[in-house]
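Novice: got a predicted structure here, sequence first:
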Amino acid sequence: MLSDRVDSVITLSDVVGLVNKVTPLLLPPSGKAKSHRRQLYITNGSTHATVTLWGEQADLLDVDELIAASAQGPIIVLFVGMTVGEYSGLLALQSTSVTRCYVNAPLPEIADVREKTKDLPYHIEWHTGKTKNDAEPIPSSITEISTFEPNDIMGMRYKISFKITEIHEGDGCYYMSCTDCWKKLIPESGSYRCPDCTTTVPLPRYRFVVRAVDTNSTDKDDAKFADLYFFGPRGEAAVGQKALSLLASVNEQPTRLPDDLLAIVGKEFVTH
């Protein structure tokens with residue numbers, strides 16, 4: 001499964017999906033990224049994912065032609081040679097120097113996805129994210145959002161009030177990050193290295209997953225639960241201290257979650 005390969009930089013994967021949204025070329029923030037990129041939103045009928053094409057790979061894909069062609073029928077692409085990550089609960093794939101894209105090719109994998117997605121809308125839309133990200137968050141609830149299609153709410157901001165019911169222990173609570181770009185560092189010969197930067201200095205940052213329910217939920221049997229991801233500053237705000245300080249309290253028991261983190265179970269939060 002692709003989820004088993006999350007954050008592996010040595011294992012490349014192939015993924016195929018119906019393309020339903022694309023972004024314009026996204027320019028890199030100054031000093032933060034290697035190149036421009038383009039993102040595509042895909043689905044195989046049951047799983048949704050984002051695909052990021054970097055540099056030359058982004059240039060080679062003629063999205064204007066894809067959008068025009070999608071008016072006549074579905075655009076299904078096989079992406080070969082991708083790394084697998086995760087962002088906000090979705091699989092996030094990124095291109096490499098060996099990535100290749102095969103559009104509506106006569107391949108069994110593409111035919112299979114075509115069959116599984118035959119009842120889904122197939123016209124590709126532009127997804128700039130600008131209007132959605134700049135707009136005020138929309139008041140909502142976990143119960144309401146659970147009824148939405150994932151593709152319809154990508155990039156949207158919602159304001160929800162929720163109560164944490166548990167923390168997923170198996171997912172841990174932090175990762176060793178690059179001090180410059182925040183990417184996950186790769187252990188190497190007793191030290192660390194960043195896949196993009198030259199830094200070898202590790203800094204723990206929060207990354208934990210909680211199970212949550214609407215604050216005003218009273219019916220335990222019909223309550224809708226959601227897994228919410230807390231990264232970096234959002235984790236600091238919830239716990240009340242930096243990850244480095246929190247980890248100092250469990251140096252002798254690294255396999256358990258810190259008490260100060262477990263203390264947020266049962267508490268109510270408002271986030272957007």
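Specialist: Alright, I've got the coordinates.

Novice: which residues of this structure score low on pLDDT?
Specialist: Along the chain, the parts satisfying pLDDT under 70 run over 1-10, 28-35, 88-89, 128-136, 149-156, 181, 220, 251-255, 272.

Novice: can you list the domains in it?
Specialist: Structurally, the chain divides into domains by automatic domain parsing as follows: 2-128, 139-271.

Novice: any chance of these in JSON lines, plus mean neighbour count?
Specialist: Heads up, the C-betas are built off the backbone N, CA and C, glycines and all. What follows is the domains of the chain, written out as JSON lines (neighbours: other C-beta atoms under 10 Å):
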{"stretch": "domain 2-128", "mean neighbour count": "16"}
{"stretch": "domain 139-271", "mean neighbour count": "15"}
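
Novice: how about Val16, what does it touch?
Specialist: Residues in contact with Val16 (C-beta atoms under 8 Å, 6 or more residues apart in numbering) are 44, 76-79, 109-110, 112-113.

Novice: can you tell me which of those are in strands?
Specialist: Mapping the contacts of Val16 onto strands (DSSP state E) picks out 76-79.

Novice: so for this structure, which residue is the most central one in space?
Specialist: Central residue check for the chain by C-alpha atoms, centre = their mean: the C-alpha nearest the mean position is that of Tyr87, 1.5 Å away.

Novice: thought it was touching Val51?
Specialist: No: in terms of C-beta atoms under 8 Å, Tyr87 does not count as a neighbour of Val51; the distance is 11.8 Å.

Novice: thinking again about what came up before, Arg211: which of the contacts of Val16 is nearest?
Specialist: Here the nearest of the contacts of Val16 to Arg211, counting by C-beta to C-beta, is Asn44; it sits at 26.0 Å.

Novice: what's the end-to-end length of stretch 116-123?
Specialist: Separation of the first and last residues of stretch 116-123 by C-alpha to C-alpha, to the nearest Å is 16 Å.

Novice: how far is it from where the chain is centred?
Specialist: The gap between the average C-alpha position of stretch 116-123 and the chain average comes to 23 Å, counting by C-alpha atoms, centre = their mean, to the nearest Å.

Novice: give me the phi and psi angles of Cys173.
Specialist: Backbone dihedrals for Cys173, given as degrees, to the nearest 10, come out at phi -140, psi 0.

Novice: how about the strands in the stretch 151-272 of the chain?
Specialist: Secondary structure of the stretch 151-272 of the chain by DSSP state E, counting those that start in this stretch: the strands cover 158-167, 174-178, 186-188, 191-193, 202-214, 225-231, 268-271.

Novice: distance to Ala248 added to the ones you listed, as JSON lines?
Specialist: As requested, these are exported to JSON lines (distance: least, C-beta to C-beta, whole Å):
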{"stretch": "strand 158-167", "distance to Ala248": "19"}
{"stretch": "strand 174-178", "distance to Ala248": "12"}
{"stretch": "strand 186-188", "distance to Ala248": "20"}
{"stretch": "strand 191-193", "distance to Ala248": "19"}
{"stretch": "strand 202-214", "distance to Ala248": "10"}
{"stretch": "strand 225-231", "distance to Ala248": "19"}
{"stretch": "strand 268-271", "distance to Ala248": "24"}
